[in-house]
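> just the structure for this:
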Amino acid sequence: MPQFIPSGVNVLTFSMLLALVHVAEGLVWFLLLTRAAAFFSPALGHPRVVAAFDRATGAVFIAFGLRLAFDEGR
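Below is the predicted model of the structure:
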């Protein structure tokens, strides 16, 4: 990530600082993601919701397949 390192600073120290910020942001993101998944898991496990997700996923796959089938190779 050299574009984020200002000139005149210790490259190793600043790179480690950027890496630490990246790790901290990743930890916060995954903590929030797991908390949200735990909160929504009862609703997402409901049979009607599962069926709706299955239908939506199937429709997306069919749309991708049709687009691929009718693609002219542009």
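> C-alpha coordinates for stretch 12-31, PDB please?
This file holds the C-alpha atoms of stretch 12-31, laid out as PDB (Å, rounded to 0.1, in the frame of the first residue of the first chain):
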ATOM      1  CA  LEU A  12       8.100  -0.200   8.100                       C
ATOM      2  CA  THR A  13       6.500   1.600  11.000                       C
ATOM      3  CA  PHE A  14       3.800   3.200   9.000                       C
ATOM      4  CA  SER A  15       3.100   0.000   7.100                       C
ATOM      5  CA  MET A  16       2.600  -1.800  10.400                       C
ATOM      6  CA  LEU A  17       0.300   0.900  11.600                       C
ATOM      7  CA  LEU A  18      -1.800   0.600   8.400                       C
ATOM      8  CA  ALA A  19      -1.800  -3.200   8.900                       C
ATOM      9  CA  LEU A  20      -3.000  -2.800  12.500                       C
ATOM     10  CA  VAL A  21      -5.800  -0.400  11.400                       C
ATOM     11  CA  HIS A  22      -6.800  -3.000   8.700                       C
ATOM     12  CA  VAL A  23      -6.900  -5.800  11.300                       C
ATOM     13  CA  ALA A  24      -8.900  -3.700  13.700                       C
ATOM     14  CA  GLU A  25     -11.500  -2.800  11.100                       C
ATOM     15  CA  GLY A  26     -11.700  -6.400  10.100                       C
ATOM     16  CA  LEU A  27     -12.300  -7.600  13.600                       C
ATOM     17  CA  VAL A  28     -15.000  -5.000  14.200                       C
ATOM     18  CA  TRP A  29     -16.700  -5.900  10.900                       C
ATOM     19  CA  PHE A  30     -16.800  -9.600  11.600                       C
ATOM     20  CA  LEU A  31     -18.000  -9.000  15.100                       C
END
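> state the mean pLDDT of that stretch.
The pLDDT scores in stretch 12-31 average 96.
> count of residues packed around Ala19?
11 (other C-beta atoms under 10 Å). (C-beta placed from N, C-alpha, C; glycine too.)
> next one: it from Pro2, what distance?
For Ala19, the distance to Pro2 equals 13 Å [C-beta to C-beta, to the nearest Å].
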